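A.B. asks: Take this sequence and fold it.
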Amino acid sequence: MLNKKSILLIASLLTLGGCASPGPMQTMMGPMNTPAFEPVVLDMVKDGSEKVHFKEWTTMYENKELQQWGVFFITDNGAYMAEWDVRGYEYNLRYKLPAKELNTVSDDMVVRDVWPDSNLLILKDKSGHEVGFALNGKNAARAILKEISAK
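C.D. replies: All right, here's what the predicted structure looks like:
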């Protein structure tokens with residue numbers, strides 16, 4: 001049977017344990033899943049957008065080579081990838097594609113020997129440069145990209 005001291009000790013440990021877990025600012029994703037994400041990234045890209053339509057933590061590939069991890073997001077006027085700086089508490093823009101520069105959206109796959117294969121959403125700009133993103137919400141991102149590029 002638990003006495004008052006045991007209950008108090010358990011409650012204290014649970015409370016302190018919750019305080020010890022890292023908050024969104026100390027994770028690799030940053031405040032991606034908080035209300036702060038949208039105003040922070042819209043201020044960073046300064047593309048005249050009022051809304052973030054899509055966001056997902058993912059990997060970016062060029063020539064089927066992994067380049068980096070980060071948050072891929074789509075605004076009213078473009079597609080971007082940003083990396084969270086845990087020390088500086090800010091997103092650093094790593095990829096930018098204005099909607100008017102988007103030429104095609106297609107699919108591809110990175111086949112690996114050991115790890116699971118990655119299905120990529122390939123964005124090709126008007127200069128011919130292709131970048132792929134391994135997105136779970138690939139179909140949603142494709143539909144949004146086609147919509148914003150048609151404006």
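
A.B. asks: Look up which helix or strand residue 56 falls in, please.
C.D. replies: strand 52-62 (DSSP states H and E).

A.B. asks: Could I get the buried residue list for whichever helix or strand comes after that strand?
C.D. replies: Sequence order places strand 65-75 as the next helix or strand after strand 52-62, per DSSP H and E. Neighbour-count burial for strand 65-75, counted by 16 or more other Cβ atoms under 10 Å, picks out 69-75. Using the backbone N, CA and C atoms, a C-beta is placed for each residue, glycine as well.

A.B. asks: sorry, back to before: orientation of the strand holding residue 56 relative to strand 65-75 in degrees?
C.D. replies: Angle of strand 52-62 versus strand 65-75, following axes from the mean of the first three to the mean of the last three Cα atoms, to 10 degrees, is 170 degrees.

A.B. asks: Which neighbours in the sheet does strand 52-62 have, and how are they oriented?
C.D. replies: strand 65-75 (antiparallel), strand 130-133 (antiparallel) (DSSP bridges).

A.B. asks: looking at the ones you listed, which is closest to residue 114?
C.D. replies: strand 65-75 (13.4 Å; Cβ to Cβ).

A.B. asks: before we move on, back to that, wait, which of the buried residues of strand 65-75 is closest to residue 145?
C.D. replies: Closest to residue 145, out of all of those and judged by Cβ to Cβ, is residue 74, at 6.4 Å.

A.B. asks: what's downstream of the lowest-mean-pLDDT helix or strand in the chain, the next helix or strand?
C.D. replies: Every helix and strand of the chain was ranked by mean pLDDT, DSSP states H and E. The lowest is helix 4-20, at a mean of 61. The C-terminal neighbour of helix 4-20 among helices and strands, as given by DSSP H and E, is helix 37-45.
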